[in-house]
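**Student:** here is a sequence together with a model predicted from it:
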Amino acid sequence: MEKVYNPQKVEGKIYQKWEESGVFSPKMKKGLPRRKAGKKPFTIIMPPPNANAPLHIGHARFVAIQDLLIRFHRMKGEPTLWLPGADHAGILTQVVFEKGLAEEGKTRFDLGRENFYQEIFKFTQENKQKMYDQMRALGASCDWKREKFSLNPEISRIVLETFVKMFKDGLIFRSERIISWCPRCQTALSDLEIEHKEEKTKLYFIRYVLKKEDRFLTVATTRPETMLGDTAVAVNPKDKRYQDLIDKTVVLPLMLREIPIIADKLVDIEFGTGAVKVTPAHDSLDFEIGQRSGLSSIQIIGFDNKMTQKTGKYAGLSLQEAKELIIQDLEAKGLLEKIEDYTHSVGHCERCKTLVEPQVSLQWFVKTKPLAQKAAFMVKSKKINKFVAGAIKIIPSRFEKNYFLWMKDIRDWCISRQLWWGERIPIWYCGGENLSPLQKLMNPELEKLKDLGCGEIIASLEKPKKCPKCQSKNLIQDPDTLDTWFSSGQWPFATLGFPDSPDYKYFYPTTVMETGYEILFFWVARMIMLGLYRTKKIPFETVFLHGLVRDAFGQKMSKSKGNVIDPLDVIKIYGTDALRMALVFGSTPGKDLSLSEEKIEAMRNFCNKVWNAARFVLSHQSLIISHKQSLLLRNKPSKHPDDIWVLEELDKTVKSVTEGIEKFRLGQAAEELYEFFWHKFCDKYIEAAKTRRNEAQPILLQVLDTSLRLLHPFMPFITEEIYQKLPGKKGLLITTEWPKN
């Protein structure tokens, strides 16, 4: 063995040997159902990273955790499948790609929809390959032969079939509702794609003069620019200050439009003056009030975030320009009573961080309540459903409470996106009259279409030859695409070839869904809902949640802070095993992990300790006995107290590490391995064995061999390299048997 372990020299060749040997693919009797296949398979479907950028340290963490679990169960002799894949990531990928176009002075409209789609597809395929190369560098032992991309034809077909089925079952519908609009991404967003941030702003107190009365009602608002679209002023029916004003009329300042004073229980008596302006077209709460009171919705902010023609002199201004001019005009007319400092939560696009604008728009929605009820029922809880057969377990269990609360309060899910990148909604309209103004705005070619047809709406994977109602051939496909979470919500069963493939029949339901706690609602809950709906089975048995990777000071990593760690940079300096061990060591399910260069360096030192210990055991050829002799000596237990002690400690470690991995206490298992190998085996036993080398050699080999097996899921490269140098070794360490306790 070389004096110093050099990971850069060995990791690439070892991975190539693994991949070429075919050990990443599970050995199974094709087509046999689970109950006849011997050992129960262990399956992880990889959460697909977005195919628009290289992997970051957070991705390295999921690779380290999932590969650990896969290697462990593979060594236990189970048919093991880790299916890799990548996600097209609709909004984010289109944002990233359009930024590149903007640098060239182009927009997507310059390319046209078809060319734009093809160019992004090439972009994602190039990025996908880079990600897969990174995963290989991280030691990911996934089955590359089964790799999937979320826009593969066979995946998309399953996703679109689900849409059509849900439409026919009445679970998908089209409705004009208030949605969150991202002016930057130019698309609707679902509630979960909104990131709320506390912002310091102003509270404006505006006087609304009562009709034919010499008095006014003061209204408080943070958004004076939206007052041009007010259709009422609302007060709480229990607010005694305004009982005599309910059902009276005020004159809307600047617009001089008469609007009613209404009562609604949603009005917060403690906010401002207790009287609020109602702008149904640009506020979700106001929209609800407007629906109950039959108020009209006036769009005064366009989808381009400029004031519309309905705002008169303010038309064409940006929101900030309109706000400043409106405040000036109110002051000039003596209608601005006062301005106060105010802090409140404001919604931003989770992808591009732009301030979102509530807009009334015609969109496609999923009726989620019936889906959520079943999904909640099928999750195990200490208080409820603990006797449900086949229920899903969430680790750590404290996230169950959040899961159940979200399922209880769930709203209908907006799944249509005004994008050109993604799966196009499989809806066909007879004539163009069903196309919304927004759809025509976002797709200029549709403006030329004539409204010839009966308006029938048809859900179909392929374009119908003619309208089933009027026989017209003037059929137009809905131009919107599906929310990425709708397609990725079907990832477990779609990637396995639902409903007829041998893989689906053998590996579904899958065993573990390991992912970050921050997407428990974005993704995990939706996989459960859609999996139960489509397959009538749970998609996975266990949800194992990990936390974010933070820097040494507990700060979230971001490019702006300059504290982002590139996993490949770390690997070049310290090697893959050191990084993987650092990402697992000391971790706790569901909690964020602080990662520093010092911690990675400490794990590199541990790798060196393992290497040096192996060199000691294997370096003196004259002292290395044959494998057969070693087996014979093992059958004659040593009576030396040091040997008895180290073997007892080894047995304890095998038991605790095995139990730790099985119960997802991976950080604890890593710590116990570290403690045993460094402090018990190296510092105590090896040091003591130097004075009785010949006698201790069989025990040294036995402990080293077993330790390599235990360490392999955590540190796969260095353990495989050392294992190949053991006397009497057979095959690859990755396929050897896990130590029995």
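**Tutor:** Nice, thanks for sending it over.

**Student:** need the pLDDT of residue 649.
**Tutor:** With respect to pLDDT, residue 649 has a value of 97.

**Student:** how far away is the closest residue in space to residue 253 that isn't next to it in sequence from residue 701?
**Tutor:** Nearest non-adjacent residue to residue 253, counting by C-beta to C-beta, 6 or more residues apart in numbering: residue 335, 4.9 Å away. Placement of C-beta: from N, CA and C, glycine included. Distance of residue 335 to residue 701, given as C-beta to C-beta, to the nearest Å: 90 Å.

**Student:** neighbour-wise, which of these two wins?
**Tutor:** Taking other C-beta atoms under 10 Å, residue 335 and residue 701 do not tie; residue 701 has more neighbours (21 against 17).

**Student:** distance of the more buried one from residue 617?
**Tutor:** In terms of C-beta to C-beta, residue 701 sits 6 Å off from residue 617.

**Student:** do the same with residue 79
**Tutor:** Distance from residue 79 to residue 617, counting by C-beta to C-beta: 34 Å.

**Student:** compare these two (neighbour count), which wins?
**Tutor:** Neighbour count, other C-beta under 10 Å: between residue 79 and residue 617, residue 617 has more, with 25 against 20.

**Student:** which residues touch the more buried one?
**Tutor:** 686, 697, 700-701, 704 (C-beta atoms under 8 Å, 6 or more residues apart in numbering).

**Student:** so among those residues, where is pLDDT lowest?
**Tutor:** residue 697 (91).

**Student:** and that residue, how many neighbours?
**Tutor:** Around residue 697 there are 19 residues (other C-beta under 10 Å).

**Student:** in three-state terms, label it for me.
**Tutor:** The three-state assignment at residue 697 reads helix, by DSSP: H, G, I helix; E, B strand; the rest coil.

**Student:** per-residue confidence at the residue nearest to the spatial centre of the chain?
**Tutor:** Averaging the C-alpha coordinates of the chain gives a centre point, and the residue nearest to it by C-alpha atoms, centre = their mean is residue 519 (4.5 Å). Note for residue 519: predicted pLDDT of 91.

**Student:** for the stretch 401-550 of the chain, give me the ranges with low pLDDT.
**Tutor:** Residues of the stretch 401-550 of the chain meeting the criterion pLDDT under 70: none.

**Student:** strands of that one, residue ranges please.
**Tutor:** 413-414, 416-417, 427-430, 457-459, 475-477, 481-482, 510-516, 540-546, 549-550 (DSSP state E, counting those that start in this stretch).

**Student:** and these, which is most packed in?
**Tutor:** Mean neighbour count (mean count of other C-beta atoms under 10 Å) peaks for strand 416-417 among the strands of the stretch 401-550 of the chain, with a mean of 28.

**Student:** same for that strand, what does it pack against?
**Tutor:** On a contact count with 3 or more C-beta pairs under 8 Å, 6 or more residues apart in numbering; DSSP states H and E, strand 416-417 meets strand 187-189, strand 481-482.

**Student:** chain center to that strand: distance?
**Tutor:** 18 Å (C-alpha atoms, centre = their mean, to the nearest Å).

**Student:** can you list contacts of it?
**Tutor:** 90-91, 187-188, 363-364, 425, 478, 480-483.

**Student:** again, 10 Å this time
**Tutor:** 90-91, 94, 172, 174, 179, 182, 185-190, 193, 361-365, 423, 425, 427, 436, 439, 478-484, 486 (C-beta atoms under 10 Å, 6 or more residues apart in numbering).

**Student:** now stretch 6-17
**Tutor:** Contact with stretch 6-17 is made by 2, 23, 136-141, 571-579, 604, 607, 611, 716-721, 724, 732-734, as judged by C-beta under 10 Å, 6+ apart.

**Student:** now stretch 100-115
**Tutor:** For stretch 100-115, contacts defined as C-beta under 10 Å, 6+ apart pick out 94, 97-98, 116-120, 123, 186, 419-421, 424, 442-445, 479.

**Student:** out of those, which are buried?
**Tutor:** 94, 97-98, 116-117, 119-120, 123, 186, 419-421, 424, 442-443, 479 (16 or more other C-beta atoms under 10 Å).

**Student:** average pLDDT for stretch 186-197?
**Tutor:** If you average the pLDDT values across stretch 186-197, you get 84.

**Student:** and stretch 234-244, by the same measure?
**Tutor:** Averaging the model's pLDDT scores along stretch 234-244 yields 95.

**Student:** stretch 592-612 too?
**Tutor:** Stretch 592-612 comes out at a mean pLDDT of 95.

**Student:** buried sites along it?
**Tutor:** For stretch 592-612, the buried set under the neighbour-count rule, 16+ other C-beta under 10 Å, comprises 592-593, 595, 599-600, 603-604, 606-607, 609-612.

**Student:** what do you get for stretch 580-593?
**Tutor:** For stretch 580-593, by 16+ other C-beta under 10 Å, it's 580-585, 587, 589-590, 592-593.

**Student:** for these, which one is nearest residue 390?
**Tutor:** residue 589 (22.0 Å; C-beta to C-beta).

**Student:** for that closest one, which residues are in contact?
**Tutor:** 65, 394-399, 514, 517, 544-547, 663-667.

**Student:** phi and psi next, for it.
**Tutor:** Main-chain torsions, residue 589, degrees, to the nearest 10: phi -50, psi 130.

**Student:** I figured residue 526 hits residue 492, correct?
**Tutor:** No. Counting by C-beta atoms under 10 Å, residue 526 does not reach residue 492; the two are 11.2 Å apart.

**Student:** which of the two has more neighbours?
**Tutor:** residue 492 (28 against 25).

**Student:** and the gap between the more buried one and residue 341?
**Tutor:** Following C-beta to C-beta, the distance that separates residue 492 from residue 341 is 49 Å.

**Student:** over to residue 414?
**Tutor:** For residue 414, the distance to residue 341 - C-beta to C-beta - is 34 Å.

**Student:** secondary structure class for the closest residue to residue 173 other than its chain neighbours?
**Tutor:** Nearest residue to residue 173 in three dimensions, chain neighbours excluded: residue 365, at 5.8 Å (C-beta to C-beta, 6+ apart). Of the three states, residue 365 takes strand under three-state DSSP.
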